[in-house]
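Asks: Please find the sequence and the predicted model below.
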Amino acid sequence: MPTAPTLSPREREVLLAVAEHLTNAEIAGRLYVSVRTVESHVSALLRKLGARDRRELAARAPGLATASEPA
């Protein structure tokens, strides 16, 4: 059984915000970072999780964001 990828705390925050269907600008405002930083995190999450698009990221978010928390 494959293990869940390890996500940083910021990646978890971005992933959960994507699951809330927030735009990159809304996520940036919530997390006090630039839109470009959010774009970078979303791109990294797409690669890391093998997702095709934001919709697929959002669908995976609930299980992955909590499963990746450090013990």
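Replies: Cool, the structure landed.
Asks: tell me the contacts of the residue nearest to the spatial centre of the chain?
Replies: Nearest residue to the geometric centre of the chain (Cα atoms, centre = their mean): Leu15, 2.1 Å. Shown in contact with Leu15 (Cβ atoms under 8 Å, 6 or more residues apart in numbering): Leu7, Leu45, Leu57, Ala61, Leu64, Ala65. For the C-beta atoms, the positions are set from N, CA and C on the backbone; glycine is no exception.
Asks: would you turn these into a markdown table with distance to Gly29?
Replies: Shown next, in a markdown table, are those (distance: Cβ to Cβ, whole Å):
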| residue | distance to Gly29 |
| --- | --- |
| Leu7 | 21 |
| Leu45 | 19 |
| Leu57 | 19 |
| Ala61 | 19 |
| Leu64 | 23 |
| Ala65 | 20 |
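Asks: farthest-separated two in those residues?
Replies: Leu7 and Leu57 (11.4 Å; Cβ to Cβ).
Asks: list the residues that contact both of those two?
Replies: Leu15, Leu45.
Asks: Now do the buried residues in the helix or strand hosting Ala25.
Replies: Per DSSP states H and E, Ala25 falls inside helix 24-31. Buried positions in helix 24-31, judged by neighbour count with 16 or more other Cβ atoms under 10 Å: Asn24, Ile27, Ala28.
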